[in-house]
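Chemist: Need a 3D model of the following:
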Amino acid sequence: MLKKIRTSLMAAAAAGGVGGAQAAPMSLDDYLALNGPAPTRHVAYGAAPSQFAELFLPAGAGPFPVAVIIHGGCWTKEFGGIRQMRNMAGDLARQGIAVWNVEYRRYDEAGGGYPGMYHDVASAMDRLRALAGEHALDLARIVLVGHSAGGHLAQWAGARARLPRGSPLYVADPLPVPVVISLGGLADLRHEQALIKTSCGRDMAQLAGVASAARPNIFSDTSPAEMLPAGVRTVLVHGEYDDISPPRVGHDYARRAAAAGDAAEVLVLPGASHYDEVALASPSWPLIAARIRDALTPTASRARPGG
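Modeler: Numbering: from 1, shown residues only. Model (predicted):
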């Protein structure tokens, strides 16, 4: 099944004219240089400098489907952030999709890490309900798209209904999202501790807090893999040459999700690095954009557990 998916992607790249003369995989410097158009609106959801999101609106009257995008950068402010995702946001808006580009406090910002970083993502998600009427946002057609560390946070946001009631992150009625697209995500905090350390230099205490008598399992409310089944369809996308979150990570997570009853698939981008996954100029982008559009169709929630 997974081999068949990968083969079809490579054929699509060649047939679509995006894979003929193969571009070199993008580097970290290429990623850091990414930018895009200014947003339609800057919306603060808290008082801290990093507690805001950017709304990109398409032309026309709507109602618009919505892509929530969450940037990566190893959970630190040192490797870019929301600015790099504007190139994706601008193109999706041109395709008729409203974009909610989320910033959040990372582990090395005051109030970041656990639980603040997660509170930020949750607050940004739920703020969409207040904006939907004013901006003709169709929250019945919504997809979460996260890159790298943002893939972890996107998968976490999609699984919030599974948070333990005793967690400080628990809310009674989180905004539901039927599909999550994780681009080079690192969402299994427990089983990928060694990779997260070598790829990003992060210790689990920085991402998941420390254990206590009240919270003995630090992964129960921070690691999407511990919150399965989430009742969402997850698309795990990895570059063929991604050495931050290699394809093996997606395959391992997909197996765990499927065993728990969730729908999950892995897509491997031919000739791509960890950074091609979010770059409009990359041959990978048409493949990513197609998956985002597919997730916003009325059939996107067809693969819920038991469905």
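
Chemist: I figured residue 95 hits residue 286, correct?
Modeler: No - in this structure, residue 95 is not within contact of residue 286 by Cβ atoms under 8 Å, at 11.1 Å. C-beta: built from backbone N, CA, C; applies to glycine.

Chemist: what's the average pLDDT for the longest strand seen in the chain?
Modeler: Longest strand of the chain, by residue count under DSSP state E: strand 137-147. For strand 137-147, the mean pLDDT works out to 98.

Chemist: can you list contacts of the helix or strand following that strand?
Modeler: Counting by DSSP states H and E, the next helix or strand C-terminal to strand 137-147 is helix 149-158. Residues from elsewhere that reach helix 149-158 (Cβ atoms under 8 Å, 6 or more residues apart in numbering): 68-75, 104, 117-118, 121-122, 125, 144-146, 174, 177, 180-187, 189, 200, 222-224, 227, 230, 232, 234, 245.

Chemist: Stretch 282-300 too?
Modeler: Surrounding stretch 282-300, the residues in contact under the criterion Cβ under 8 Å, 6+ apart are 9, 12-13, 16, 18-19, 22-23, 26, 65, 67, 88, 91-92, 95, 97, 141-143, 145, 178-179, 181, 183, 233, 235, 237, 239, 267, 269, 271-272, 275-279.

Chemist: residues of it that come out buried?
Modeler: Buried residues in stretch 282-300, defined by neighbour count with 16 or more other Cβ atoms under 10 Å: 282-289, 291-293, 295-296, 300.

Chemist: same thing with stretch 92-107?
Modeler: Of all the residues in stretch 92-107, those buried under the rule 16+ other Cβ under 10 Å are 92-93, 97-107.

Chemist: Dump those to CSV, plus distance to residue 84 and pLDDT.
Modeler: Below are these laid out as CSV (distance: Cβ to Cβ, whole Å; pLDDT from 0 to 100):
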residue, distance to residue 84, pLDDT
92, 14, 98
93, 16, 98
97, 18, 98
98, 19, 98
99, 14, 98
100, 16, 98
101, 10, 98
102, 13, 98
103, 11, 97
104, 14, 97
105, 17, 97
106, 14, 95
107, 18, 93
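
Chemist: From the residues you listed, which land in strands?
Modeler: Among the buried residues of stretch 92-107, DSSP E puts 98, 99, 100, 101, 102 in strands.

Chemist: Would you map the helices across the protein?
Modeler: For the chain, the helices defined by DSSP state H cover 2-15, 28-32, 86-94, 113-135, 149-158, 193-200, 204-208, 247-260, 285-295.

Chemist: And those helices, which one averages the lowest pLDDT?
Modeler: When the helices of the chain are compared on mean pLDDT, helix 2-15 scores lowest, with a mean of 38.

Chemist: thinking again about what came up before, which of the contacts of stretch 282-300 fall within strands?
Modeler: When DSSP E is applied, those are split such that 65, 67, 141-143, 145, 179, 181, 183, 233, 235, 237, 239, 267, 269 fall in strands.

Chemist: Neighbour-wise, give me the winner out of the residues you listed.
Modeler: residue 183 (32 neighbours; other Cβ atoms under 10 Å).

Chemist: Can you give me the pLDDT of it?
Modeler: Reported pLDDT at residue 183 in the predicted model: 98.

Chemist: What residues are bridge-paired with it?
Modeler: Taking DSSP bridges as the rule, residue 183 bridges to residue 147, residue 237.

Chemist: correct me, but residue 276 touches residue 25?
Modeler: Yes - with contacts counted by Cβ under 8 Å, residue 276 reaches residue 25, the gap being 6.1 Å.

Chemist: The two - which one has more neighbours?
Modeler: Under the criterion of other Cβ under 10 Å, the comparison of residue 276 against residue 25 puts residue 276 first, with 29 against 20.

Chemist: Roughly how far does residue 263 sit from residue 68?
Modeler: As judged by Cβ to Cβ, to the nearest Å, residue 263 and residue 68 stand 19 Å apart.

Chemist: The two: which is more packed in?
Modeler: Counted by other Cβ under 10 Å, residue 263 and residue 68 do not tie: residue 68 has more neighbours, with 25 against 21.

Chemist: For residue 96, see how far away the more buried one is.
Modeler: Separation of residue 68 from residue 96 (Cβ to Cβ): 16 Å.

Chemist: Likewise for residue 220?
Modeler: Residue 220 sits 39 Å away from residue 96, going by Cβ to Cβ.

Chemist: now do residue 61
Modeler: Relative to residue 96, and taking Cβ to Cβ, residue 61 is found at 11 Å.

Chemist: Thanks again, I'm all set now.
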